[in-house]
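K.L.:
Quick one: sequence plus predicted model below, questions after.
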Amino acid sequence: MNPMHPAIMLVVPLLVSCAPTAGQHVGAVPPNPGRQASRVPPPKVDRLVATTSDGSWQLVVLDSARVDSLRQTGVILQQHVDEPAEVVSGPQIEYPSQARRACVTGSVIVQAIISRDGRAEPTSIGLRGRSVDPRLDRSALHYIEEASFRPGKVNGVTVRTLVNIPIDFKIRGAC
């Protein structure tokens, strides 16, 4: 298991336990014998890609109550902040020479928690989705580890923000 997943794992058990089970729908009203069930509008639903205990990825559906519980952990999803976290500076992204020679291209999406001081929390940095190539993955992870960010804000207050940062690896010219 990649040593960078444990911090995400701290957040995920809360989230995974909130996902509906097979056949269960978010916002469904359970049957009530003897009384007619009233129509309750379904709660607002958000989706989050989370790491499961075996290292695979799973789409987790969250209603607004679950989003609120995530906020209570002190981490806000990037789509719920007023001012999103943004890269301010970082090292030159290194395109691994072996990957370049092999004409490996693609987009690596790195997920991390950006702290209030504008740095990616080291134990939260991990890959989101499938790996393009391990060499590109390592380069993208290194970039995020070294980058400085403008932290996310809610109502003018800096907050810890869970972000997904795409890093594109493209080769110009003939390959």
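P.N.:
Alright, I've got the coordinates.
K.L.:
those strands in the chain, which residues are they?
P.N.:
For the chain, the strands defined by DSSP state E cover 45-51, 57-63, 75-77, 86-89, 106-114, 126-128, 148-150, 152-154, 157-169.
K.L.:
Go through those and name the closest to Cys175.
P.N.:
Closest approach to Cys175 among the strands of the chain (CB to CB): strand 157-169, 12.1 Å. Glycine gets a C-beta too; all of them are placed from N, C-alpha and C.
K.L.:
Tell me which residues are up against the closest one.
P.N.:
11, 74-78, 81, 84-85, 87, 93, 95, 99, 104-116, 121, 124, 128, 132, 136, 139-140, 143-144, 151-153 (CB atoms under 8 Å, 6 or more residues apart in numbering).
K.L.:
shaky segments in this structure?
P.N.:
1-72, 174 (pLDDT under 70).
K.L.:
Test my guess that Ser131 contacts Ala140.
P.N.:
No: look at Ser131 against Ala140 with CB atoms under 8 Å: they stay out of range, at 10.2 Å.
K.L.:
Can you work out which residues contact both of the two?
P.N.:
Common neighbours of Ser131 and Ala140 (CB under 8 Å, 6+ apart) are Val108.
K.L.:
what about those two, which has more around it?
P.N.:
Ala140 (24 against 11; other CB atoms under 10 Å).
K.L.:
any chance you could map the helices in the chain?
P.N.:
Assigned by DSSP state H, the helices in the chain fall at 6-16, 64-72, 97-101, 134-146.
K.L.:
and the contacts of strand 157-169, which are buried?
P.N.:
Buried members of the contacts of strand 157-169, counted by 16 or more other CB atoms under 10 Å: 11, 75-77, 81, 84-85, 87, 99, 104-105, 108, 110-115, 124, 128, 132, 136, 139-140, 143-144, 151-153.
K.L.:
which strand residues sit across from Gly106 in the sheet?
P.N.:
For Gly106, the beta-bridge partners under DSSP bridges are Phe169.
K.L.:
Hmm, it is touching Arg135, no?
P.N.:
No: if you go by CB under 8 Å, Gly106 and Arg135 don't touch, sitting 11.1 Å apart.
K.L.:
Tell me the spacing between the closest residue to Gly118 other than its chain neighbours and Lys170.
P.N.:
Closest residue in space to Gly118, ignoring its immediate chain neighbours: Phe149 at 4.6 Å, by CB to CB, 6 or more residues apart in numbering. According to CB to CB, to the nearest Å, Phe149 stands 23 Å off from Lys170.
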